[in-house]
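Undergrad: this one's sequence-less:
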């Protein structure tokens with residue numbers, strides 16, 4: 001049994017590779033240069049480092065190893081499309097010309113379709129690592145106070161709307177006002193920007209898209225998210241339960257406890273029927 005991993009930024013691809021190997025899978029990694037962690041070398045059975053613009057080389061590598069199923073894991077910033085250091089190959093150029101716009105969904109769906117045409121199926125990000133999914137309820141001992149709950153509920157509605165439009169998945173809220181909406185800059189930069197306007201005590205809400213495909217671009221947070229919150233003294237991180245990932249959850253919760261940040265898993269049901277109490 002073998003699995004392909006297309007590895008972008010962060011710890012997520014490393015954790016998935018480890019979990020897959022523990023289940024007896026041989027891990028074949030296509031690691032995106034300048035993005036993927038160097039740790040991918042030690043957790044992969046075979047690895048090929050590929051420039052993010054070389055889509056043809058990525059496909060050839062997976063086909064060479066007869067990969068039938070692959071996981072896309074780790075952030076690949078869309079801003080790379082607008083930076084000169086990435087030179088797309090002919091396959092990537094054709095792909096980009098074939099899509100109607102440069103939204104995340106359009107790009108990822110085109111990539112998935114292209115891979116499927118080559119006999120490579122992209123599978124659910126959490127197949128090997130279901131432990132990463134955010135549970136419902138308060139993950140920290142400290143819970144949101146009444147004002148913070150109002151901000152969470154307000155932020156939930158705004159975040160769901162921007163996610164539906166495929167703009168971003170994170171909002172920063174203070175006193176039922178929007179301080180920042182995530183766009184191309186990503187979650188951490190949106191937190192820093194919103195936190196600057198909010199002053200102390202911002203609430204960060206991160207959700208999945210209503211049309212979220214759990215095979216790609218699943219919202220994820222980790223220690224970097226907390227570090228950004230610490231820098232601007234943001235106090236609450238509310239995540240959509242069952243449809244977002246917490247990378248290194250135990251470490252993240254420990255860090256949150258130590259700096260007084262509340263982490264809570266929320267869902268449509270809890271927002272509609274009442275706040276989670278545990």
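TA: Cool, the structure landed. All figures in this text were calculated on a predicted structure; none of them were measured in a lab.
Undergrad: For residue 264, give me phi and psi.
TA: Per-residue torsions, residue 264: phi -140, psi 140 (degrees, to the nearest 10).
Undergrad: Relative to residue 106, how far out is it?
TA: 32 Å (C-beta to C-beta, to the nearest Å). C-beta coordinates here come from the backbone N, C-alpha and C atoms, glycine included.
Undergrad: higher neighbour count, these two?
TA: Here residue 264 and residue 106 are compared on neighbour count by other C-beta atoms under 10 Å; more neighbours surround residue 264, at 25 against 15.
Undergrad: mind checking how far that one is from residue 191?
TA: Distance from residue 264 to residue 191, counting by C-beta to C-beta: 16 Å.
Undergrad: Could you do residue 53 as well?
TA: 29 Å.
Undergrad: again, but for residue 221
TA: Using C-beta to C-beta, one gets 10 Å for the distance from residue 221 to residue 191.
Undergrad: And residue 115, by the same measure?
TA: 32 Å.
Undergrad: of these two, who's got more company?
TA: Set residue 115 next to residue 191 and count neighbours by other C-beta under 10 Å: residue 191 wins out with 30 against 22.
Undergrad: mind listing the strands in the protein by residue range?
TA: Assigned by DSSP state E, the strands in the chain fall at 2-7, 26-32, 46-50, 69-73, 121-122, 137-138, 170-174, 177-181, 203-206, 220-221, 236-240, 245-246, 262-266.
Undergrad: Adding distance to residue 146 and mean pLDDT, write these out as a markdown table.
TA: Shown next, in a markdown table, are these (distance: least, C-beta to C-beta, whole Å; pLDDT from 0 to 100):
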| stretch | distance to residue 146 | mean pLDDT |
| --- | --- | --- |
| strand 2-7 | 42 | 98 |
| strand 26-32 | 44 | 98 |
| strand 46-50 | 50 | 97 |
| strand 69-73 | 38 | 97 |
| strand 121-122 | 43 | 97 |
| strand 137-138 | 14 | 96 |
| strand 170-174 | 15 | 98 |
| strand 177-181 | 17 | 98 |
| strand 203-206 | 12 | 98 |
| strand 220-221 | 24 | 96 |
| strand 236-240 | 12 | 98 |
| strand 245-246 | 25 | 98 |
| strand 262-266 | 13 | 97 |
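Undergrad: Redo the ones you listed as a markdown table? Include distance to residue 256.
TA: Below are the strands of the chain laid out as a markdown table (distance: least, C-beta to C-beta, whole Å):
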| stretch | distance to residue 256 |
| --- | --- |
| strand 2-7 | 26 |
| strand 26-32 | 29 |
| strand 46-50 | 33 |
| strand 69-73 | 23 |
| strand 121-122 | 32 |
| strand 137-138 | 11 |
| strand 170-174 | 17 |
| strand 177-181 | 20 |
| strand 203-206 | 12 |
| strand 220-221 | 10 |
| strand 236-240 | 7 |
| strand 245-246 | 10 |
| strand 262-266 | 5 |
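Undergrad: All set now, cheers.
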